[in-house]
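[1] What follows is a predicted protein model with its sequence.
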Amino acid sequence: MNEKLQESAQYLKCCNNLEIETFNLYETFSKKINQPENCFILGLAYDSLKCAKIIQGLLAYIEVPETEKTNPKKNFSELTNSVLAFTKKLSKINSVDNEVASEVLKELVTLEDQLTEAYTDYAQSSAIKVMSEEFSKLQSNLDKFKKLFETFGEEKQKHKEAIIEIACYFDTREAERLRHAAPVVKYQNPDSWILSSSLHSFATTPAQNVTP
């Protein structure tokens, strides 16, 4: 396998690892909250697992060799490890009330942004061209490859929107419990809301391209 193809494949391998850890995080969280919210969260979990399975299928075709160079960008590994650590931390929380659930959801919004960026960068990079050329033997072309990863990115954006809606619901319930005013003003600046989580903070540096 030539070096450029290996770099492209290793990037996808990192995406796969991140999706697996994302699935584990969502699945763990879904077990901590009640219906029907847990059903929505579990659905997002299986979307991540689906992405991972598709990537695994691609990597199986080109037989990616085992190598120590499994992380094209350091922050990719940092983000994956951060998700793993967050999952472990969440699994130890016995009671996830409205406030804690809202905090977790804010972290998931950040994570979906990271996933969106990872797939968007790959779809716009020269690395994907190298991969598509390898699959040209199967009558697959660059446009088909780009569409696949663009679809992944679009799906992550939809996840983000769904998560924000669920988080607003939990925040509203908590506000009602505390007999505060309806939290409409709180969401007039969504970016400010997203950054307000105090439970954890995923790496904010995007998982950059293997080949800019």
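    Received it, and whenever you're ready, just let me know what you need. Residues are numbered from 1 along each chain as shown.
[2] Sketch out the low-pLDDT regions of the chain for me.
    Within the chain, the stretches with pLDDT under 70 are 1, 63-75, 137-141, 179-212.
[3] Could you pull out the buried residues of the longest helix along the chain?
    The residue-count maximum for a helix in the chain (DSSP state H) belongs to helix 142-177. Within helix 142-177, the residues that count as buried by 16 or more other Cβ atoms under 10 Å are 145-146, 148-149, 152-153, 155-156, 159-160, 162-164, 166-168, 170-172, 174-175. Quick note: C-beta positions are derived from backbone N, CA and C, even for glycine.
[4] OK, contacts around the closest residue to residue 84 other than its chain neighbours?
    Closest residue to residue 84 apart from its sequence neighbours, by Cβ to Cβ, 6 or more residues apart in numbering: residue 21 at 5.1 Å. By Cβ atoms under 8 Å, 6 or more residues apart in numbering, the residues touching residue 21 are 80, 83-84, 87.
[5] Could you pull up phi and psi at residue 95?
    phi -120, psi 110 (degrees, to the nearest 10).
[6] can you check residue 33 too?
    Here is the backbone geometry of residue 33 (degrees, to the nearest 10): phi -120, psi 170.
[7] Give me the contact list for stretch 83-92.
    Contacts of stretch 83-92 (Cβ under 8 Å, 6+ apart): 18, 21-22, 24-25, 28-29, 32, 96, 104, 107, 111, 200, 202.
[8] let's see it at 6 Å
    Stretch 83-92 is contacted from outside by 21, 24-25, 28, 200, using Cβ atoms under 6 Å, 6 or more residues apart in numbering.
[9] Flag every buried residue along it.
    So for stretch 83-92, counting by 16+ other Cβ under 10 Å, buried means 83-84, 86-87, 90.
[10] How far does that stretch sit from its chain's centre?
    The chain centre lies 15 Å from the centre of stretch 83-92; the measure is Cα atoms, centre = their mean, to the nearest Å.
[11] CA atoms only for that stretch, dumped as PDB, please.
    Only the C-alpha atoms of stretch 83-92 are listed here, as PDB (Å, rounded to 0.1, in the frame of the first residue of the first chain):
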ATOM      1  CA  VAL A  83     -15.000  10.500  24.800                       C
ATOM      2  CA  LEU A  84     -13.900   7.200  26.400                       C
ATOM      3  CA  ALA A  85     -13.100   9.000  29.700                       C
ATOM      4  CA  PHE A  86     -16.400  10.800  29.600                       C
ATOM      5  CA  THR A  87     -18.300   7.600  29.100                       C
ATOM      6  CA  LYS A  88     -16.600   6.000  32.100                       C
ATOM      7  CA  LYS A  89     -17.400   9.100  34.200                       C
ATOM      8  CA  LEU A  90     -21.000   9.000  33.100                       C
ATOM      9  CA  SER A  91     -21.400   5.300  33.800                       C
ATOM     10  CA  LYS A  92     -20.500   6.000  37.500                       C
END
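[12] on contacts alone, who are the packing partners of whichever strand or helix holds residue 117?
    Using DSSP states H and E, residue 117 falls within helix 98-123. Packing partners of helix 98-123 (3 or more Cβ pairs under 6 Å, 6 or more residues apart in numbering; DSSP states H and E): helix 142-177.
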